[in-house]
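*Asks:* Predicted coordinates and the sequence they were generated for:
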Amino acid sequence: MWRGSLLRGTACLLQAAASRCVRRRHVSSLCSRLVPHRPPCLQSPWGTGYFLAHRGYKKDAKSTVDFPVTPITATDIKQYLRSKEVPFHDGYSCLHVPSIFMEPSAGKDGFSLFIDKTTGQFLCKDTLVEGSWEDLQDCLEVMQKEEQDFLSPHVLLGYPESIEEQEDRERELREVQRIWSSSVPLSDLPEEEAQLIKTMFQITKISNATLKRFGVRLFKPTKSLVFPWFGGPDSSLKGVKLLSAQSSDTDRVVYNEATVPKATSYYNLFGLPLVGRMDLEVVVTGHELDSLAVSQATGLPTVALPRGVNCLPPVLLPYLEQFKRVTLWLGGDIRSWEASKIFSRKLGLRRCSLVRPGEFRPCPVEALARGKNLSQIIKSSIPAAHKSIVSFKQLREDVYGELVNTDQVAGVKWTRFPELNRILKGHRRGELTVFTGPTGSGKTTFISELALDLCMQGVNTLWGSFEINNVRLAKIMLTQFAMQRLEENLEQYDFWADKFEELPLYFMTFHGQQNIKTVLDTMQHAVYLYDINHVIIDNLQFMMGQENLSVDKFAVQDHIIGVFRKFATNSSCHVTLIIHPRKEEDDRELQTASIFGSAKASQEADNVLILQEKKLVTCPGRRSLQVTKNRFDGDVGIFPLDFIKSSLTFATPLKGKHRLRKVAPKPESEEDEEGDAVKKKEEIKKEKSTKATKTPRTAKSPAAGAASSQKGQQD
Ligand SMILES: Nc1ncnc2c1ncn2[C@@H]1O[C@H](COP(=O)(O)OP(=O)(O)OP(=O)(O)O)[C@@H](O)[C@H]1O
């Protein structure tokens, strides 16, 4: 579709790019970097800017994260624009400049080209041309050189699409059309049937008029609601989201959703076509149904994020630039609250206010069902920009929220490691976990499964594997995901690879020794682009550098731990750091002091996990996982792990044979003692009862579905 049309000005563009190569190493060939924006439904989430060079290798390269050699800042961009006499408006997340891909006489709104202030990525909303900051510089230089007022969008070279990709795209488009044309507006259904559907989805308070205005339909074969994605200058149909409803043990409904194109390419801000050009206020929700509720109850402009609380892709930011006030009401649980705080940073703190979840402020659709005043809830939202000094009065609602939602505050639970849930309670944002174990004991293999478990539940994960290459690591993870030796079942490879591809999993492309600054910049970049909330670094020794050999190497190590600590806190991102122990003695188990150079460094970690390896004659492969530090609630303990070689997974030995030892916090030097049995029983009981109160309103991702089905297999 966009295939190689070499048009006017291209030679100059190539020249400009070539001259830039001297300055920027990562500019390889302009042909592979400049592409007209594909219709959004066909975009790859990785598909722009720095990642364009990978596009041809869809399967394995799409999830790799490189970092530009020279990170760009908003000041750099502004300076450059001034030097080229390009006028700009300083927006919230983007700089707005006149489009260079439109004839000035075209009469369109002047400043329609948006440059992301963090990445330099640009998007022209009128022509949908997009590219990296370097691409834009090349274009501006060509215009200057050739004394042109504008460039044709087609001056840019198309990126070659493989036959397979082309077929996929066409198949998807046909599927979108098929679903849309065979679904019916709810208002066309007999009243009784429409009411039944609304009851099923627990949206009886949503009127037919609202459903009609947003174009919601019913796809009868699967009894799914269909939410359309209209986009582009021609507002054509780009995709659909299908929502089905399942009743659960509680009286609340559980939603399952599927999109065409698949979730990673689904960039719909649902509700956007209904927003007026002059609207200055918007309510951003985490779900299409919530936007229906907000719109009906308040009449305010509203849009729903395509992947809810999971991420806010920067490619959507230009569409939110027109609003002076953005209210984030992403749901009614702690996860939504955390996500709204993070998204508001991307959107610009000063214009954002957040609806704090709570008993009286559930998600919008539930608030509507319970007869609450939605306008009042939105009015009572709190500004996102927080002050440096606060009083308890400002904190008391936060504290209350933590007290009533203990289970959610404890973080995401592992589905494959219940023992770890009992000790650590869950995986929380913003923490630093240090993990160690003897050489070759299985650290990478174990952490791989631990991280995969979380990733399958929607935790956006970034791997920095410096020791083993990404192909090998992905092979380990895929084996653990499929829970079988794929070498022997190659016919199943595509089935599992397709599912695996849907996971929010990314890899840094580093290998071998790395500079810590480059690694941190890459992590920061990935947090911005993909809302990463778990980074795994395997392992810290690869950041120690050669030049520091004369310095105390443990002091260097401790410094690096401090740097990751800071990153975890500032980015609200969990960092898991694998470290080789400083000393290993054959007959002694490792302890916290085996890792750190100083007590200060061990203070930096929130959790310390050790893979203990006892050379037992009876169980030669047996390992144990010991938690020696847990800042969240102090519980520490150890439990045995069996290694299942065929699937490269770990499992707790059958009950009765080995029991979980859970001990109260104690000085590290002391030997572990048997925990207080009575206390342990009570705690486990208590936990079981809290587990029963699950979050009911969760849209299951396909990955989460796979997680639970595999869990079923395991059980
Ligand atoms: N519990 C186990 N029992 C036996 N073999 C294991 C066990 N866990 C992992 N392995 C295997 O041992 C090998 C090394 O595992 P892995 O690379 O995960 O260890 P590591 O501790 O990360 O190594 P290093 O110290 O070199 O970083 C792999 O082939 C893995 O499949």
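*Replies:* Nice, I can see it. This structure is a prediction, so every number in the text was calculated from the model and none was measured.
*Asks:* What residues does this protein have near the ligand?
*Replies:* 437, 439-445, 467, 621, 623, 643, 648 (Cβ under 6 Å from any ligand atom). The C-beta positions use only the backbone N, C-alpha and C, and glycine is treated the same way.
*Asks:* Drop anything exposed from those residues.
*Replies:* By neighbour count, with 16 or more other Cβ atoms under 10 Å, the residues of the chain next to the ligand hold 437, 441, 442, 443, 444, 445, 623, 643, 648 as buried.
*Asks:* Tell me the confidence at the first one?
*Replies:* So the one you mean is residue 437. At residue 437, the pLDDT value in this model is 90.
*Asks:* Enumerate every residue touching the residue nearest to it when sequence neighbours are not counted.
*Replies:* Distances taken as Cβ to Cβ, 6 or more residues apart in numbering put residue 611 closest to residue 437, at 3.1 Å, once the chain neighbours are dropped. Residues in contact with residue 611, defined by Cβ atoms under 8 Å, 6 or more residues apart in numbering, are 435, 436, 437, 438, 441, 442, 443, 446, 623, 624, 625, 626.
*Asks:* Specify the next element, helix or strand, located C-terminal of the helix or strand where residue 611 lies.
*Replies:* Secondary structure assignment for residue 611, by DSSP states H and E: strand 607-613. Toward the C-terminal end, the helix or strand that comes next after strand 607-613 (DSSP H and E) is strand 623-630.
*Asks:* Which neighbouring elements make contact with the next helix or strand after that following strand?
*Replies:* The helix or strand immediately downstream of strand 623-630 is strand 636-644, counting by DSSP H and E. Strand 636-644 is packed against helix 418-424, strand 623-630, strand 649-651, strand 661-663, with contacts defined by 3 or more Cβ pairs under 8 Å, 6 or more residues apart in numbering; DSSP states H and E.
*Asks:* Tabulate the ones you listed (a markdown table), appending mean pLDDT and distance to residue 337.
*Replies:* Formatted as a markdown table, those follow (pLDDT from 0 to 100; distance: least, Cβ to Cβ, whole Å):
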| stretch | mean pLDDT | distance to residue 337 |
| --- | --- | --- |
| helix 418-424 | 95 | 21 |
| strand 623-630 | 93 | 23 |
| strand 649-651 | 93 | 33 |
| strand 661-663 | 44 | 30 |
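*Asks:* what angle separates the helix or strand harbouring residue 435 from strand 607-613?
*Replies:* Element membership for residue 435 (DSSP H and E) is strand 432-436. Strand 432-436 runs at 10 degrees relative to strand 607-613, counting by axes from the mean of the first three to the mean of the last three Cα atoms, to 10 degrees.
*Asks:* got a pLDDT number for the closest residue to the ligand within the stretch 401-550 of the chain?
*Replies:* Across the stretch 401-550 of the chain, no residue is closer to the ligand than residue 442, which sits at 2.4 Å (Cβ to the nearest ligand atom). For residue 442, the pLDDT comes out at 93.
*Asks:* Also residue 329?
*Replies:* pLDDT, read off for residue 329, is 97.
*Asks:* Double-check it against residue 282; I have them as touching.
*Replies:* No: in this structure residue 329 lies outside contact range of residue 282 using Cβ atoms under 8 Å: 10.7 Å.
*Asks:* When the two are compared, which one has more neighbours?
*Replies:* Remark: of residue 329 and residue 282, residue 329 carries more neighbours, 29 against 25, as counted by other Cβ atoms under 10 Å.
*Asks:* Alpha carbons only: can I get the host helix or strand of residue 195 in CSV?
*Replies:* Following DSSP H and E, one finds residue 195 within helix 191-200. What follows is helix 191-200, C-alpha atoms only, in CSV (Å, rounded to 0.1, in the frame of the first residue of the first chain):
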residue,chain,number,x,y,z
GLU,A,191,-37.6,-3.9,23.5
GLU,A,192,-37.7,-7.2,25.5
GLU,A,193,-34.5,-8.5,23.8
ALA,A,194,-32.6,-5.2,24.2
GLN,A,195,-33.6,-5.2,27.9
LEU,A,196,-32.3,-8.8,28.3
ILE,A,197,-29.0,-7.8,26.8
LYS,A,198,-28.7,-4.8,29.0
THR,A,199,-29.4,-6.9,32.1
MET,A,200,-26.8,-9.3,31.0
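*Asks:* Let's test this: mean pLDDT of the very next helix or strand once past it, rounded?
*Replies:* Using DSSP H and E, the helix or strand that follows helix 191-200 in sequence is helix 208-213. Averaged over helix 208-213, pLDDT sits at 95.
*Asks:* Could I get the buried residue list for helix 208-213?
*Replies:* Going by 16+ other Cβ under 10 Å, helix 208-213 has these buried residues: 208, 210, 211.
*Asks:* Give me the contact list for it.
*Replies:* By Cβ under 8 Å, 6+ apart, helix 208-213 touches 185, 186, 187, 194, 274, 292, 295, 296.
*Asks:* quick one: residue 271 and residue 303 touch, right?
*Replies:* Yes: the pair residue 271 and residue 303 qualifies as a contact (Cβ under 8 Å) at a distance of 4.3 Å.
*Asks:* higher neighbour count, these two?
*Replies:* Applying other Cβ under 10 Å to residue 271 and residue 303 shows that residue 303 carries more neighbours, namely 26 against 23.
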